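>>> requesting a structural model of the entry that follows:
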Amino acid sequence: MLDRLDAAESDNPAKNKRTMPRVQFRKNDISVRIYHPGGSVSSSVVSTRNLSAGGVSFLYHGFLYKNTRVEIIVKRRLGGDDMICGIVTHCALVNRVYHLIGVRFDNKIFPKLYLDPSEWGVLDDSSTVDPTSLTGTVLHLDDQQIDRSLLAHFLKGTKVNLLSAATIDDAVEMMKEHAVDCVLCDLNLTGETSELAMMMLRQVGFSGPIGVISAETSPARLKAIREGGAGAVLTKPYDAQRLISLLSTWLTAGASGEDAIYSTLANQESMRPLITQYVDRIRVMSGELRKNMIADKHDAVRAICQSIKGTGTGFGFPYLSEVAGDAVKALDDASNTSEILMQLQRLEGACRRVSSKTA
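Okay, the predicted model is just below:
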């Protein structure tokens, strides 16, 4: 069935408009949890079709509404499982029983984690990545000043907000003060390791991707890095193109802007200045949310979530109100913020993705 779908799509001009490269991803044992609009939750094993940094498609034995939330369990090539969250973007009946479901991930992934090396080539075309469109906040942890300076030089042509740290303690303090999208960490730090750094950053609530920079070639050591939580390994020596290509798969509203959340009212000229002000305020609130999450200040966190819930829809961001509402409900059912960290991190990510531009 999937072969027939590929053949039928081969002449479809729409496929040339895709901004992120896709690769065939034929797996028959992918577990999916589906949160239906009516409140019920179901689990199923599905057959996947394609995978990209931004989403996946799979066959499902029924209809799913647009914007239905899903959780997909995907096995890493080197061992272990990842849970990837997203929403249904389309559902098309392909025969009397099965629907082809398209899912957009909440955050971009690094597809090479789940593919055989022979399949990597299709994902390595970074020619479409415009460095000037690359935005977000990157934390770079390296105890060597020359290496920090080189990476900063490679990102000069981007709009990336780069935070540089020489020690794990410095990185942890920066993480507490800033809403960081992704981390790049050197493999060997003076007296410390990247595995320890990843553990410390996760302990303060960071859930985004972490990349390790290394000249290491030992398969056993590289496997240990992956198992320690690295989403990718950027091997030395590297150039600006490879660095930007990696970051473009991780940074929200990156090269394609596909993950940005746009206001439904952005086309109303009178609303544009208000939307711009609101987006700036939401970015500030995202940082405040993180600080209070780390400090485990339940009431302060709830107040921020409640404020976002009440204002998002009015400025054309109903998804923001929905996510904030889910966080408020989870907070009301929990005794401390650590119990509902996933919901709060989902809201924090949504706050970083709002855009004052038009789709």
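>>> count of residues packed around residue 42?
Residues within reach of residue 42, counting by other C-beta atoms under 10 Å, total 10. Quick note: C-beta positions are derived from backbone N, CA and C, even for glycine.
>>> tell me which helix or strand it sits in.
strand 41-51 (DSSP states H and E).
>>> ok, now residue 174?
Taking DSSP H and E as the criterion, residue 174 maps to helix 168-177.
>>> for the host helix or strand of residue 245, packing partners?
Residue 245 is part of helix 240-248 when elements are defined by DSSP H and E. Under the contact definition 3 or more C-beta pairs under 8 Å, 6 or more residues apart in numbering; DSSP states H and E, helix 240-248 sits against helix 145-154, strand 232-235.
>>> what distance separates it from the centre of its chain?
On the basis of C-alpha atoms, centre = their mean, to the nearest Å, the separation between the geometric centre of helix 240-248 and that of its chain is 16 Å.
>>> contacts for the next helix-or-strand element following it, please.
Scanning forward in sequence from helix 240-248, with DSSP H and E defining helices and strands, the next element found is strand 261-262. Contacts of strand 261-262 with the rest of the structure, by C-beta atoms under 8 Å, 6 or more residues apart in numbering, involve 316-317, 319-320, 350, 353-355, 357-359.
>>> mind doing that once more with 7 Å?
Under the contact criterion C-beta atoms under 7 Å, 6 or more residues apart in numbering, strand 261-262 has outside partners 317, 319-320, 350, 353-355, 357-359.
>>> then stretch 236-249?
Counting by C-beta under 7 Å, 6+ apart, the neighbours of stretch 236-249 from elsewhere in the structure are 53, 108, 110, 126, 129, 131, 134, 138, 151, 154, 158, 182, 211, 213-215, 232, 234, 254-255.
>>> out of those, which are inside strands?
In strands, defined here by DSSP state E, the members of the contacts of stretch 236-249 are 138, 182, 211, 213-214, 232, 234.
>>> now tabulate those in CSV and tack on pLDDT and neighbour count.
Shown next, in CSV, are those (pLDDT from 0 to 100; neighbours: other C-beta atoms under 10 Å):
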residue, pLDDT, neighbour count
138, 93, 24
182, 87, 25
211, 86, 23
213, 90, 24
214, 85, 20
232, 75, 20
234, 81, 17
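>>> any idea how far residue 250 is from residue 228?
Counting by C-beta to C-beta, to the nearest Å, the separation of residue 250 from residue 228 is 18 Å.
>>> I misspoke; the intended subject was residue 184.
Per C-beta to C-beta, residue 184 is found 15 Å from residue 228.
>>> and which of the ones in strands among the contacts of stretch 236-249 is nearest to residue 307?
residue 182 (26.8 Å; C-beta to C-beta).
>>> burial count for residue 316?
Counted with other C-beta under 10 Å, residue 316 comes out at 20.
>>> just the element for residue 300, please.
Counting by DSSP H and E, residue 300 is found in helix 298-311.
>>> what does that helix contact?
The list of residues contacting helix 298-311 from outside it, by C-beta under 7 Å, 6+ apart, reads 285, 288-289, 292-293, 320-321, 324-325, 327-328, 331, 336-337, 344, 347.
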